[in-house]
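Student: Structure for the following, please:
(one chain, ligands or ions: 1)
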Amino acid sequence: MSKLLEGTDRTEALEELSEAGWTVEESGNAMTRQFKFKTFPEALGWMVHMGVIAEKMNHHPEWSNVYNRVDVRLTTHDAGGLTSLDLELARKMSQ
Ligand SMILES: C[C@H](O)[C@H](O)[C@H]1CNC2=NC(N)=NC(=O)C2=N1
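Tutor: Numbers count the residues shown, from 1 in each chain. Modelled structure (predicted):
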């Protein structure tokens with residue numbers, strides 16, 4: 001099971017991801033970002049693409065889609081907070 005992020009590793013990683021548009025929830029246990037696409041098919045295609053990646057990682061986002069928007073929340077349920085898996089998936093989503 002992945003360990004919770006702590007200390008400077010956590011601080012530096014979350015600073016990097018905040019520059020990529022991610023926001024850490026008040027609890028500190030999850031991070032969120034909204035993705036906007038030109039069309040619904042584009043948003044759906046991105047979800048399918050990221051869904052394959054998430055399944056390969058065995059680490060799955062909490063997400064919702066409205067037309068061309070996808071709202072994503074990342075947290076590691078098994079650990080009860082943010083781990084390196086959340087960072088890895090956030091980086092892949094942010095490419
Ligand atoms: C049994 C299975 O490995 C676990 O439930 C995996 C699946 N995907 C997961 N995704 C996320 N975000 N957190 C988890 O703890 C998690 N655990």
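Student: ok, the closest residue to residue 78 other than its chain neighbours - how many residues close by?
Tutor: Nearest residue to residue 78, sequence neighbours excluded (C-beta to C-beta, 6 or more residues apart in numbering): residue 1, at 5.1 Å. C-beta here means a position set from N, CA and C on the backbone, and glycine is covered the same way. Neighbour count for residue 1, taken as other C-beta atoms under 10 Å: 6.
Student: Hmm, residue 1 is touching residue 77, no?
Tutor: No - Residue 1 lies out of contact with residue 77 (C-beta atoms under 8 Å); the separation is 10.4 Å.
Student: Then residue 27 would be within a helix, right?
Tutor: No - counting by DSSP: H, G, I helix; E, B strand; the rest coil, residue 27 is not part of a helix but coil.
Student: Count the residues that sit near it.
Tutor: Around residue 27 there are 9 residues (other C-beta under 10 Å).
Student: The residue nearest to residue 78 and residue 59, how far apart?
Tutor: Residue 1 sits 12 Å away from residue 59, going by C-beta to C-beta, to the nearest Å.
Student: Return the residues of this structure in contact with the ligand.
Tutor: Proximity of the chain to the ligand (C-beta under 6 Å from any ligand atom) is limited to residues 58, 59, 60, 75, 76, 77, 78.
Student: Name only those of these that count as buried.
Tutor: 59, 75, 76 (16 or more other C-beta atoms under 10 Å).
Student: Bridging across strands, which residues link to the last one?
Tutor: Meaning residue 76. Beta bridges link residue 76 to residue 81, judged by DSSP bridges.
Student: Tell me which stretches of this protein form strands.
Tutor: 23-24, 31-36, 62-66, 69-74 (DSSP state E).
Student: strands paired with the second one, and their directions?
Tutor: When pairing is defined by DSSP bridges, strand 31-36 lines up against strand 23-24 (antiparallel), strand 69-74 (antiparallel).
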